[in-house]
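**Q** Give me a model of this one.
(2 chains)
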Amino acid sequence: MTPVPSEVELINLILDLQLDQALSFLVNAGITVVAFKKGIYNKVRQAIINKCNEKRYAFIPNKEEADKLKELSKDPNYTTLRRLIPGYRYLDLIRTGLLIKKYLQRNALGDHDRVNEIKRDINNRPNGQKLLKIVKLPDAPFFDVITDEIFYLQKEGYNQTQLEEKFDEVVNDWEDTTKFVKTGDKLKTVINFCVKHINKDVKQFFLLGMKTAIDIIEKAISEMTSKSILKDNNYSLRKTTKPKGVQPRMEVTFYKKYE
Amino acid sequence: MAKKNIEFKELGLEERKLLLSAYDYDVDEEGYIISPTGERIASEELPLKFLKVDSAMLIVGSLDVRDSSPTVISKFIRERIETSNDASTI
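**A** Residues are numbered from 1 along each chain as shown, chains lettered A, B, ... in the order given. Modelled structure (predicted):
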């Protein structure tokens, strides 16, 4: 049996190793938790503590996932929201939602299981239902629309607290107040969606469509305008068309005007 | 001020135990981390959940033991890396 090196020898052997390598070396050399507890290797223990101050590490179970989260610091949607609403209490859920989106896009073995695990844990938290809504948002086509809305309101003069509250309000309702119009949707369905929310007096609701669905949205707006549905109920709208990949995309925000 | 470059790494179970013991933490027979004051460490997110040695995040400097859920890691990145990087560009 190989004798355990002396303390001085151990310290010299781990001197140039990174912290994780040093710990592995010590474990392989037979240095145990018991030895540390009994104060047998106090100088080695101090050497480990000193190494902890040399470079900043965070030891996590899944490095790949942590690195993905770190890379998301550069995601344009995340950076926009972080700039607009840096104090939003659920900003970390937005980043988690972007991570989920990455897993769903990659669709490798185990990715769906991991997504379900993350969502289950979030659902088990207090207020889990609301938190789940937030974490689902980044994967939805409406994420850009809602981010644009916050950006627009900032230009209109909303302060940071108001922007955070507005974002929270929109996020709370987004699953009910957004409609992704598809090519096969009937005009009546789209108008009924709008009228339903106007009748409920909601503060804002959204339509989104691409390619030929843009025509349906335009017709819906035209018909509601000709029948004065928006005007009579004190609603207005903001419409933008932007390229999404090679396709045009129309985003419409309907909002209640308060005199 | 230099940018904080915190590196994420994985660490084996026995290595985790050794690192924890260097800071007077312990691990009980069920794998739960015991603080220097003798208590299991509660999750900051899930009620009634306590942190286990194989799944916790161990942040070195002074040792900080936390959950390793994506939201806790995100918060760590935001508070310790992004905020520090913002300050270094001012």
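
**Q** Go through the helix ranked longest in chain B and flag the buried ones.
**A** Once chain B is assigned using DSSP state H, the helix that runs over the most residues is helix B:13-22. Neighbour counts over helix B:13-22 (16 or more other CB atoms under 10 Å in any protein chain shown) mark B:14-22 as buried. All C-beta atoms are positioned from the backbone trio N, CA, C, and that covers glycine.

**Q** Name the next helix or strand downstream of that helix, please.
**A** Downstream of helix B:13-22, the next assigned helix or strand under DSSP states H and E is strand B:26-27.

**Q** what comes into contact with that following strand?
**A** Applying CB atoms under 8 Å, 6 or more residues apart in numbering or on different chains, the set of residues contacting strand B:26-27 from outside is A:33, A:37, B:17, B:20, B:33-34, B:53.

**Q** So for that strand, mean pLDDT?
**A** What strand B:26-27 shows for mean pLDDT is 96.

**Q** now that strand: how far from the chain's centre is it?
**A** Taking CA atoms, centre = their mean, to the nearest Å, one finds strand B:26-27 lying 14 Å from the centre of the chain it belongs to.

**Q** give me the number of residues near A:Lys43?
**A** Counted with other CB atoms under 10 Å in any protein chain shown, the neighbours of A:Lys43 add up to 11.

**Q** Please identify the helix or strand for it.
**A** Taking DSSP H and E as the criterion, A:Lys43 maps to helix A:42-52.

**Q** got the buried residues for the very next helix or strand once past that helix?
**A** Going down the chain from helix A:42-52, the next helix or strand is strand A:57-59, by DSSP H and E. Within strand A:57-59, the residues scored as buried using 16+ other CB under 10 Å are A:57-59.

**Q** ditto for stretch A:233-248
**A** Neighbour counts using 16+ other CB under 10 Å place A:235, A:237 of stretch A:233-248 among the buried residues.

**Q** Could you list the residues in contact with that stretch?
**A** Contact with stretch A:233-248 is made by A:148, A:152, A:198, A:210-211, A:214, A:221, A:229-230, A:249-259, as judged by CB under 8 Å, 6+ apart.

**Q** taking the mean pLDDT, what do you get for that stretch?
**A** Taken as a whole, stretch A:233-248 has a mean pLDDT of 87.

**Q** can you check stretch A:183-193 too?
**A** Rounded mean pLDDT across stretch A:183-193 is 95.

**Q** just how off-centre is it within its chain?
**A** Taking CA atoms, centre = their mean, one finds stretch A:183-193 lying 30 Å from the centre of the chain it belongs to.

**Q** re earlier: ok, and which of the buried residues of strand A:57-59 reach chain B?
**A** For chain B, the contacts drawn from the buried residues of strand A:57-59 by CB under 8 Å from any CB of the partner chain are A:57-59.

**Q** The chain: strands as residue ranges?
**A** Defaulting to chain A. Taking DSSP state E, the strands of chain A run over residues A:57-59, A:178-181, A:204-210, A:235-244, A:247-256.

**Q** you looked at the wrong chain, it should be chain B
**A** For chain B, applying DSSP E gives strands covering B:7-9, B:26-27, B:33-34, B:57-59, B:64-66.

**Q** The closest residue to B:Thr71 other than its chain neighbours: neighbour count?
**A** Closest residue in space to B:Thr71, ignoring its immediate chain neighbours: A:Asp92 at 4.6 Å, by CB to CB, 6 or more residues apart in numbering or on different chains. Counted with other CB under 10 Å, the neighbours of A:Asp92 add up to 23.

**Q** Same check on A:Phe180?
**A** 15.

**Q** One more: the one 3 residues further on?
**A** A:Thr183: 12 surrounding residues under other CB under 10 Å.

**Q** isn't it right up against A:Ile217?
**A** No. Counting by CB atoms under 8 Å, A:Thr183 stays clear of A:Ile217, with 11.4 Å between them.

**Q** need the helices for the stretch 1-150 of chain A, in chain order.
**A** Assigned by DSSP state H, counting those that start in this stretch, the stretch 1-150 of chain A shows helices spanning A:7-14, A:19-28, A:33-37, A:42-52, A:63-71, A:76-84, A:91-106, A:111-123, A:128-136, A:142-155.

**Q** deepest of those helices, which one?
**A** Greatest average neighbour count among the helices of the stretch 1-150 of chain A goes to helix A:91-106 (a mean of 21), per mean count of other CB atoms under 10 Å in any protein chain shown.

**Q** between it and helix A:128-136, how many degrees?
**A** 60 degrees (axes from the mean of the first three to the mean of the last three CA atoms, to 10 degrees).

**Q** Can you tell me what sits against helix A:91-106?
**A** Helix A:91-106 is contacted from outside by A:65, A:68-69, A:72, A:75, A:77-78, A:81-82, A:85, A:88, A:111-112, A:114-115, A:118-119, A:122, A:131, A:134-139, B:70-72, B:74-75, B:77-78, using CB under 8 Å, 6+ apart.
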